[in-house]
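>>> sequence first, predicted coordinates after that:
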Amino acid sequence: MPNAVLDAARRLLSSFVKPGRILVAVSGGSDSMGLLFALHSAIAEEKGGFSLAACTVDHALRSGSAVEAEAVGRFCAELDIPHRVLRWEGDKPQTGIQAAARNKRYELLAVAANAFDADCIATGHTADDQCETIAMRGARHPVEGETGEGQGAAGMAATMLYARQIWVLRPFLGIRRAEIRTYLERRGIGWSDDPSNVNPQFERARLRADVDRSNCASSPVWSGAQRAASSARAAALIEERVKVHEALVAEIAASSAVKMDNPDWRRGLMSVAAVLGGRGHLPARATIKRLSDFLRSDRPGRMTAGRVVFDRRRSGLYLYREPRNLPVLGIGPGGRGLWDGRFSIASLGPALTVSAGVDGAALQQRLIDAGLPKGVARRASEVAPRIVSAEPESSGREAAVIECRIGLYDTFLPGFDRIMADAVAVLFGRERYPAPPVHDV
Ligand SMILES: Nc1ncnc2c1ncn2[C@@H]1O[C@H](COP(=O)(O)OP(=O)(O)OP(=O)(O)O)[C@@H](O)[C@H]1O
């Protein structure tokens with residue numbers, strides 16, 4: 001009898017570059033219980049090399065969650081799979097609880113992956129979850145699917161890099177929840193139902209009810225492969241047209257700046273701008289439109305969008321952080337912090353204070369020597385981080401390790417955007433992101 005669930009697990013195993021250890025994120029719901037059991041069965045058929053571990057995050061948000069986590073533990077023990085429960089300790093936020101729980105969940109899963117020495121994490125996201133995600137993103141950004149400019153145009157990716165550290169794989173994205181339930185029922189395996197999945201207070205639960213009623217036929221969206229192709233085109237364009245100096249200024253030839261009719265170029269340019277502005281998302285569609293009109297007009301002038309100045313001169317287009325609302329950050333001895341959303345700074349010993357300001361004339365001169373107009377060099381050096389050490393004998397720069405942050409990709413990088421993310425990383429003087437453990441995008 002054909003078995004789509006087991007086949008998806010087999011396909012995942014055969015997509016690995018080399019066999020390794022998979023940490024399965026098991027909530028105790030049908031999808032992740034099905035994933036665990038299907039992977040266990042598929043591995044049993046294999047010659048060897050793969051192993052499983054499992055982790056359940058107890059969000060401690062409702063009574064009964066600890067008992068459900070224990071039930072998963074018993075199931076894992078029956079299958080001889082090592083299992084850990086990690087609990088979300090401490091205060092919980094009053095609002096945005098679902099988003100906070102999700103962030104915490106990935107953080108704890110990454111901790112478990114490290115403890116089990118796993119090569120990746122697998123989650124039980126299904127085709128139903130995919131429909132909900134597309135519907136949810138579509139409701140927020142009704143037209144972005146047309147050009148693929150927004151993050152949501154392709155829905156969830158089958159692979160995702162978390163925190164530059166560990167890849168999350170979603171082998172069930174093409175499988176309906178009902179199929180997984182049938183698979184489990186036929187084997188006499190039970191699961192728990194999370195009541196918040198049907199609580200209409202949450203947007204995802206409301207959409208879930210709609211998706212259950214529908215046939216999962218959502219509006220047309222990009223496939224992962226289309227999105228990957230767009231990423232590759234955008235990456236090639238920024239590699240060819242954009243030069244970034246000291247992670248502070250982007251320089252673009254005047255002839256390239258005007259080409260805002262090309263959606264791949266728009267997306268590439270906006271991604272570079274998001275890094276310069278210390279933002280984790282692209283500007284809103286209306287802002288991109290205003291900016292495109294300004295750039296197409298081919299006239300010198302300045303426009304600010306997403307905390308970035310687009311400084312258009314005869315010699316070219318220059319992008320840098322606008323000189324407003326620049327924070328002051330204190331970092332304790334040996335500590336680390338994120339300054340202005342743009343730079344991660346780690347102390348090598350002394351306490352540090354980070355603020356904006358001209359870090360001597362040297363930086364400005366380096367930018368001028370690199371060919372930037374004087375005015376641009378001055379403005380860019382004014383928004384550079386100035387690091388002052390609490391120990392007068394050591395200079396701030398010597399006492400710190402500083403790295404540019406790429407908010408768009410550093411926490412969640414969809415697999416289909418990796419080419420683009422690598423191009424941005426290289427422009428900003430960073431290493432490429434780690435490659436996934438599986439073939440395909
Ligand atoms: N408490 C949990 N412990 C371990 N894994 C979990 C937990 N909750 C969810 N997961 C994993 O995430 C998958 C998707 O779950 P769910 O749809 O509830 O999460 P989501 O919030 O919609 O997804 P995402 O985390 O990507 O936003 C599950 O199949 C499971 O693999």
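Sure, I can see it. Numbering: from 1, shown residues only.

>>> for Tyr21, name its beta-bridge partners.
Careful, residue 21 is Arg and not Tyr. Assessed by DSSP bridges, Arg21 has beta-bridge partners Ser51.

>>> contact residues of the stretch 101-250 of the chain facing the ligand?
Arg102, Arg105, Thr123, Gly124, His125, Asp129 (C-beta under 6 Å from any ligand atom). Glycine gets a C-beta too; all of them are placed from N, C-alpha and C.

>>> ok, now with 8 Å
Within the stretch 101-250 of the chain, the positions adjacent to the ligand are 101-102, 105-106, 109, 122-126, 129, 132-133, 156, 168, 172, 194, 197, 204 by C-beta under 8 Å from any ligand atom.

>>> may I see the ChimeraX selection of the buried members of these?
Listed next is the ChimeraX selection for buried residues among those, using 16 or more other C-beta atoms under 10 Å:
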select :101,105,106,109,122,123,124,125,126,129,132,133,156,168,172,194,204
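
>>> sitting in strands, which of the residues of the stretch 101-250 of the chain next to the ligand do you find?
Secondary structure assignment by DSSP state E places Ala122, Val168 of these in strands.

>>> pretty sure Gly174 sits in a helix.
No - per DSSP: H, G, I helix; E, B strand; the rest coil, Gly174 lies outside any helix segment and is coil.

>>> tell me the pLDDT at it?
On pLDDT, Gly174 comes in at 94.

>>> and the nearest residue to it once chain neighbours are set aside, how far is that from the ligand?
Using C-beta to C-beta, 6 or more residues apart in numbering and skipping the chain neighbours, the partner closest in space to Gly174 is Ala127 (5.8 Å). According to C-beta to the nearest ligand atom, to the nearest Å, Ala127 and the ligand sit 12 Å apart.

>>> average pLDDT across stretch 295-314?
Per-residue scores along stretch 295-314 average to 93.

>>> that stretch: which residues count as buried?
Using 16+ other C-beta under 10 Å as the test for burial, stretch 295-314 gives Leu295, Ala305, Gly306, Arg307, Val308, Val309, Phe310, Asp311, Arg312.

>>> now do the helices in the stretch 101-250 of the chain.
127-140, 177-186, 203-213, 224-241 (DSSP state H, counting those that start in this stretch).

>>> got the CA coordinates for the second one in PDB?
Only the C-alpha atoms of helix 177-186 are listed here, as PDB (Å, rounded to 0.1, in the frame of the first residue of the first chain):
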ATOM      1  CA  ARG A 177      -2.400  16.400   8.600                       C
ATOM      2  CA  ALA A 178      -5.200  13.900   7.900                       C
ATOM      3  CA  GLU A 179      -2.800  11.500   6.200                       C
ATOM      4  CA  ILE A 180      -0.500  11.600   9.300                       C
ATOM      5  CA  ARG A 181      -3.400  10.900  11.600                       C
ATOM      6  CA  THR A 182      -4.500   7.900   9.500                       C
ATOM      7  CA  TYR A 183      -0.900   6.600   9.600                       C
ATOM      8  CA  LEU A 184      -0.800   6.800  13.400                       C
ATOM      9  CA  GLU A 185      -4.300   5.400  13.900                       C
ATOM     10  CA  ARG A 186      -3.400   2.400  11.800                       C
END
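
>>> show me what that helix is packed up against.
Contacts defined by 3 or more C-beta pairs under 8 Å, 6 or more residues apart in numbering; DSSP states H and E place helix 177-186 against helix 4-14, helix 30-45.

>>> what's the angle from it to helix 4-14?
Between helix 177-186 and helix 4-14, the angle comes out at 100 degrees (axes from the mean of the first three to the mean of the last three C-alpha atoms, to 10 degrees).

>>> and if you look at the last one?
Counting by the same axes, to 10 degrees, helix 224-241 lies at 30 degrees to helix 4-14.

>>> which residue does the stretch 301-441 of the chain bring closest to the ligand?
Phe412 (8.8 Å; C-beta to the nearest ligand atom).

>>> who's in contact with the residue nearest to that residue when sequence neighbours are not counted?
Residue nearest to Phe412 in three dimensions, not counting chain neighbours: Met160, with 5.9 Å by C-beta to C-beta, 6+ apart. Contacts were defined as C-beta atoms under 8 Å, 6 or more residues apart in numbering; by that measure Met160 touches Trp167, Val168, Arg170, Phe412, Leu413, Pro414, Gly415.
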